[in-house]
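S.K.: Predicted model, plus sequence, below.
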Amino acid sequence: MTKEVTKRKRVKTAFKKLSQQREVPKSLFVLIILLYFIATIFLKKSARISNQPITFFGYPTTVGAFTGVFAYASNVCLIFLVVFYKKIGFITSTIILIASLPSLILSIVHSGRMDNIAGVFSTVFTVGITSLLLLNSRRVERYQKRIQEQAVTDGLTGLPNWFALSNLMELLVKKGEPFALISADLNDFKSINDTMGHDIGNLVLIEIADRWKTIADTGLSGTDDFVARVSGDQFAILVHAYKTDDDIMDAIRIYREALERKITVNECDYYMKACFGYAEYPADAETAGEMSSCADAAMHEAKRIGGANSIVRFSPELLESEQTFEIERKIRAALEGDGIRCYLQPQYTIDHKLRGFEALARLVDADGKMISPVDFIPIAEKTGLIDQVDLKVFRQAMEFLGTACKKNPDILVSVNVSVRHLMKNNFIEEIKETLVKHQVPFKNLEIEITESIMIDSAGKATTTLDEVEKLGIKIAIDDFGTGYSSLSYLNDLPASLLKIDKSFIDVMNTSDSSKKYVAAIVSIGHILNMEVISEGVESEEQLETLRSVGCDFIQGYIWGKPMPLSDAGKLVD
Ligand code: C2E
Ligand code: CA
Ligand code: CA
């Protein structure tokens, strides 16, 4: 029991330390006092033999000329004491000064000379200066304390904020002390803000914060807790003195019960619920930042599960689904705004004449960071958002093509179409509508599909693709050779272009058989009456080989990377 109380005290002092300044080392205190006494000894000595002649840097003078320097030095030492050590420094310097006064007064009385009267004034003057310094430093300290407290406190609820929490976690991690972090997110809090207004929402948050703070302060949960508000309706509870997972679960239940009790604000009753997720240090993570991510991942999982199972303990698989969840959120936000951007990568004939461009999606998140399609397209496919992504890219590409084909009527734009998008009932209508809107002739559009379309839903796919072809739109088979390549599928598709995947081009020149493989794909394409394009061409050597095997078109960094629409426009001019 006493051990737990000590631990509880340690967490509380750790938090206090966050709002405190760094201490000046004690050794400096001793050094200043030492310097003071050395200066005073020299001062006394120089006063006694003040008329003795000496040379200073070649100039003749007397010892007395240095008496003032030593007097200043001793006073400066006392002033430094107050500057660095505030109250203690002030008390020490005042004691030293007052103690030196009687000997000064005695020497005046004994000698009957007034030489030392300057020393008395200097002492009184120094006491005055040090008192003023102390008063001023007190004012500055009070101000600094207020600012520091504000930096670690949430303005609305008065709870510690995210900054305070992460500092405390860093402190515990540094000491290697185990702790658990609970992430709690209120359910449907947004609806209170939307329907009742932010003022009511704020009062509800304050009430929750008060209830939880009481539990933490009184140790009602049985563990040693630190409650913080980390953002809008998200709280975090750091649990310190606990023995088993059951202790954490019991603590969460106590916080949950307090939350779920009726909250009355302005004579209206609110019933709040929250989802809880938690992670443990050092079992789940090594740093404070990782602990936050793990606890959040567990909390998001609790949100996904919903219902009564609203407490989830972190497990490593959750991090992956957390990343997926994060990217899904980014895709949704990008779809609502203008975060899905169309980039164009040029395609050339083997003798370097512009054929057209492939439209490639880019996701720009709220921070302006560009996310690669390799990372977000698979998640868009999994979450059923891919057709919306494809459509956004398609519309931008067609707006570009509308202008481009007025300058060059043969220019093509290839767009990637996912299986799900192609299977949509209004796929053809959507395409037609956009082409008409931007006055793009059907023959200038090419759609890229992968062989997986035939594996997933051959019947419907061929019907749609036949319709596409009848409209005069071109069809290309993307990533050829990487999937379940079947010549009979290939024959069924009304495609006019075969795209050799980058993975074959990468290794093409490493062995004779790899080169023959590419040559064979080119031949198959030609036999089936298709033209052939190679993607991912980066070197002159690859270009030479492709030329020698009769490849028709080239797409790759060697002649152009994916670029924004404005740059692509300059290639058409
Ligand atoms: P993909 O259709 O095979 O596109 C070709 C990829 O190869 C592009 O990557 C392109 O930037 C890259 N590439 C082209 N030449 C070179 C080269 O010389 N060197 C290297 N290292 N890379 C080269 P990106 O833009 O990252 O796209 C990746 C994949 O994402 C695409 O592969 C496609 O499957 C998918 N994707 C991109 N945009 C869309 C879209 O709008 N809709 C759909 N459904 N999928 C898309
Ligand atoms: Ca493609
Ligand atoms: Ca490809």
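M.R.: In hand now; what should we look at? What you see is a predicted model, and the numbers here were worked out from it, not measured in a lab. Ligands and ions are numbered 1, 2, ... in the order given.
S.K.: what is the rounded mean pLDDT of stretch 344-360?
M.R.: For stretch 344-360, the mean pLDDT works out to 97.
S.K.: Whether that stretch contacts ligand 1 - can you check?
M.R.: Yes: Stretch 344-360 is in contact with ligand 1 by C-beta under 6 Å from any ligand atom, via 345, 360. In this view, the C-beta of every residue, glycine as well, is placed from N, C-alpha and C.
S.K.: let's number from 45 now, not from 1
M.R.: Sure, I'll start numbering at 45, so the last one becomes stretch 388-404.
S.K.: just how off-centre is the helix or strand containing residue 187 within its chain?
M.R.: Residue 187 is part of helix 161-196 when elements are defined by DSSP states H and E. Its chain's C-alpha centre and that of helix 161-196 lie 42 Å apart, by C-alpha atoms, centre = their mean, to the nearest Å.
S.K.: and what of stretch 383-401?
M.R.: The answer for stretch 383-401 is 34 Å, by C-alpha atoms, centre = their mean.
S.K.: and the stretch 345-494 of the chain, which of its residues are near ligand 2?
M.R.: Contact residues, the stretch 345-494 of the chain versus ligand 2 (C-beta under 5 Å from the ion): 460, 492.
S.K.: what bits of the stretch 345-494 of the chain have low per-residue confidence?
M.R.: 351-353 (pLDDT under 70).
S.K.: where along it do the strands fall?
M.R.: Assigned by DSSP state E, counting those that start in this stretch, the strands in the stretch 345-494 of the chain fall at 355-357, 384-393, 398-408, 414-415, 456-460, 489-494.
S.K.: most tightly surrounded among these?
M.R.: strand 456-460 (a mean of 24; mean count of other C-beta atoms under 10 Å).
S.K.: Contacts for it next, please.
M.R.: 388, 391, 399-405, 434, 437-438, 441-442, 444-445, 448, 488-492, 518, 520, 522 (C-beta atoms under 8 Å, 6 or more residues apart in numbering).
S.K.: among those, which are in reach of ligand 3?
M.R.: Near ligand 3, by the rule C-beta under 5 Å from the ion, you find residue 522 out of those.
S.K.: circling back: compute the mean per-residue pLDDT across the helix holding residue 187, please.
M.R.: 80.
S.K.: Looking at the helix or strand that contains residue 88 now, give me its mean pLDDT.
M.R.: Using DSSP H and E, the element containing residue 88 is helix 70-92. Throughout helix 70-92, pLDDT has a mean value of 85.
S.K.: Show me the contact partners of that helix.
M.R.: For helix 70-92, using C-beta under 8 Å, 6+ apart, the contacting residues are 107-108, 110-111, 114-115, 117-118, 121-122, 124-125, 128-129, 132-133, 136, 140, 144, 159.
S.K.: 7 Å - rerun?
M.R.: 107-108, 110-111, 114-115, 117-118, 121-122, 124-125, 128-129, 140 (C-beta atoms under 7 Å, 6 or more residues apart in numbering).
S.K.: now stretch 491-509
M.R.: 458-461, 463, 466-467, 471-472, 512, 517, 519-523, 527-529, 533, 536-538, 543.
S.K.: And those residues, which of them are buried?
M.R.: Buried members of these, counted by 16 or more other C-beta atoms under 10 Å: 458-461, 463, 466, 471-472, 512, 517, 519-523, 527, 533, 537, 543.
S.K.: quick one: the helix holding residue 88 to helix 161-196, angle?
M.R.: 170 degrees (axes from the mean of the first three to the mean of the last three C-alpha atoms, to 10 degrees).
S.K.: residues making contact with the very next helix or strand once past helix 70-92?
M.R.: Of the helices and strands lying after helix 70-92 in sequence (DSSP H and E), the nearest is strand 97-100. Identification of contacts with strand 97-100 by C-beta under 7 Å, 6+ apart yields 104, 105, 106, 107.
S.K.: how about 6 Å then?
M.R.: Here strand 97-100 makes contact (C-beta atoms under 6 Å, 6 or more residues apart in numbering) with 106, 107.
S.K.: what do you get for stretch 264-271?
M.R.: Residues from elsewhere that reach stretch 264-271 (C-beta under 6 Å, 6+ apart): 51-52, 55, 203, 256-257, 259-260, 281-286, 291, 295, 298.
S.K.: Of all the residues in that stretch, which ones are buried?
M.R.: Using 16+ other C-beta under 10 Å as the test for burial, stretch 264-271 gives 265, 266, 267, 268, 269, 270, 271.
S.K.: then that stretch to PDB, C-alphas only?
M.R.: Output of stretch 264-271 as PDB, limited to C-alpha atoms (Å, rounded to 0.1, in the frame of the first residue of the first chain):
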ATOM      1  CA  LEU A 264     -11.100   5.500  -6.900                       C
ATOM      2  CA  SER A 265     -10.100   3.300  -9.800                       C
ATOM      3  CA  GLY A 266      -7.700   1.400  -7.600                       C
ATOM      4  CA  THR A 267      -4.800   2.400  -9.800                       C
ATOM      5  CA  ASP A 268      -2.600   5.500 -10.100                       C
ATOM      6  CA  ASP A 269      -4.100   7.500 -13.000                       C
ATOM      7  CA  PHE A 270      -3.400  10.700 -15.000                       C
ATOM      8  CA  VAL A 271      -6.300  12.000 -17.100                       C
END
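S.K.: how about the residues of the stretch 495-617 of the chain that lie near ligand 3?
M.R.: So the stretch 495-617 of the chain meets ligand 3 at 522, 523 (C-beta under 5 Å from the ion).
S.K.: Then the chain?
M.R.: 522, 523.
S.K.: So which residues on the chain come close to ligand 2?
M.R.: 460, 492, 522.
S.K.: Contact partners for the residue in the stretch 295-444 of the chain that ligand 2 sits nearest to?
M.R.: Using C-beta to the ion, the closest approach of the stretch 295-444 of the chain to ligand 2 is made by residue 402 at 5.7 Å. Residue 402 is in contact with 389, 458, counting by C-beta under 6 Å, 6+ apart.
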